[in-house]
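Q: sequence first, then the predicted structure, then my questions.
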Amino acid sequence: MKLSHFEALQPVCPVCRTERQREDSRLVIGTIERRSDTTIEEGLLLCASADCQREYPIIDGIPLIIPHLRSWLSTNIAQINARDDLGAITESLLTDCCGPGSAFDTTRQHVSSYAWDHYAEFDPLEPIREDPPGLVVRLLDQCLQLAGSFPKGPLLDVGCGAGRTSFALAERSSDLVLGIDLHYAMLRIAARVLSTGTVRYTRRRVGIVYDRREFPAAFPNSDQVDFWACDANSLPFRDKQFAAVIGLNVLDCANSPLSFLQSVARVTAAGGKVILACPYDWSAAATPIEHWLGGHSQRCESRGATEPVLRSLLTSGAHPCAIQGLHLIAEADNLPWHVRLHDRSTMQYSVHAIVAKVEDAE
């Protein structure tokens, strides 16, 4: 955790913020186990409120500022404790023993797909192909062009995954950039790139066969970037703190997309913008079906389509749950994005992008 980001953003306790509606419960540095001049690698953040005193760990330079920390850690402890010093042969044996569909294999598949699109363009061993990696950055640029200008101030990259879009935002801005996600294994890749300038991941070849990839990747203005583990539905920030919030391919991964929209609207400054792009690949594994924005019930007025529901949520008076103070100003459709599954399979997506602006204070 970079001290510059911690001091500039002054995060608040997500439990106090969400459950008690208090913004004065600042987090303070409680314990430091390992640090450098600019970064805390391991330690604890502490809620300064005497009636709370919750602790949030910093592990591998990544603060875990998550409201339901106990349940999240119990589910994700394998990712936290995962070793990255084992040889390829040993990792292969572990994969064989755990088998396809195991938590170990599922995590490797996710990391392989997203790390490939984020960084494989810098891999000297990556073969030339018709659908090259790096499409997520090109999608980001299309969304930024659609959004136009926004005020000066820090930028929040929600669902940053392995971190490439956060680095790209810093290349295109002079402001602080914070990438947040709940997938620790991918955040660890982002944090490694940030601290060492090295990408290290296993790339799926076929089945449960993976190849180790390690290569350099350095980005301009990376001193402006940091990565935290946060829940987008319970953002640990004060109101109106970010000039823009960017969320690519994350709305259909939120436990509650409506709460997600309310949360990002809350932390966006007056005149700031919320930029979202999504293929609406709804899954009950990520989002309970009753929380989907469309994607079900052909009997309703929108006939199951997501786009009209989202438009109404971003138009004052058009929906009972319309997001107060946030209104749609631009959208684009059929933007390309892809996810590599293995050597002979790539999932192609057609993405819908929207830009919403937070109304200026009267």
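A: Cool, got the structure.
Q: for the protein, longest strand please?
A: strand 326-342 (DSSP state E).
Q: now do that strand: distance to the chain's middle.
A: 15 Å (CA atoms, centre = their mean, to the nearest Å).
Q: who's in contact with the residue nearest in space to the middle of the chain?
A: In the chain, the centroid-proximal residue (CA atoms, centre = their mean) is residue 159; its distance is 1.4 Å. Residues in contact with residue 159 (CB atoms under 8 Å, 6 or more residues apart in numbering) are 180-181, 232, 247-250, 253. Quick note: C-beta positions are derived from backbone N, CA and C, even for glycine.
Q: now the strands: where do they sit in the stretch 151-300 of the chain?
A: 155-158, 177-181, 198-206, 209-216, 225-230, 242-248, 268-278 (DSSP state E, counting those that start in this stretch).
Q: JSON lines for these, including mean pLDDT and mean neighbour count?
A: Listed next are the strands of the stretch 151-300 of the chain as JSON lines, based on pLDDT from 0 to 100; neighbours: other CB atoms under 10 Å:
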{"stretch": "strand 155-158", "mean pLDDT": "98", "mean neighbour count": "28"}
{"stretch": "strand 177-181", "mean pLDDT": "98", "mean neighbour count": "27"}
{"stretch": "strand 198-206", "mean pLDDT": "96", "mean neighbour count": "18"}
{"stretch": "strand 209-216", "mean pLDDT": "95", "mean neighbour count": "15"}
{"stretch": "strand 225-230", "mean pLDDT": "98", "mean neighbour count": "26"}
{"stretch": "strand 242-248", "mean pLDDT": "98", "mean neighbour count": "26"}
{"stretch": "strand 268-278", "mean pLDDT": "97", "mean neighbour count": "23"}
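Q: mind checking which of those strands is nearest residue 93?
A: strand 209-216 (11.9 Å; CB to CB).
Q: can I get that closest one in PDB, CA atoms only?
A: What follows is strand 209-216, C-alpha atoms only, in PDB (Å, rounded to 0.1, in the frame of the first residue of the first chain):
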ATOM      1  CA  VAL A 209      -1.800 -28.000 -18.800                       C
ATOM      2  CA  TYR A 210      -0.300 -24.500 -18.200                       C
ATOM      3  CA  ASP A 211       3.000 -22.800 -19.200                       C
ATOM      4  CA  ARG A 212       4.900 -20.500 -16.900                       C
ATOM      5  CA  ARG A 213       5.200 -17.000 -18.300                       C
ATOM      6  CA  GLU A 214       7.600 -14.300 -16.900                       C
ATOM      7  CA  PHE A 215       8.700 -11.200 -18.700                       C
ATOM      8  CA  PRO A 216       9.300  -7.500 -18.000                       C
END
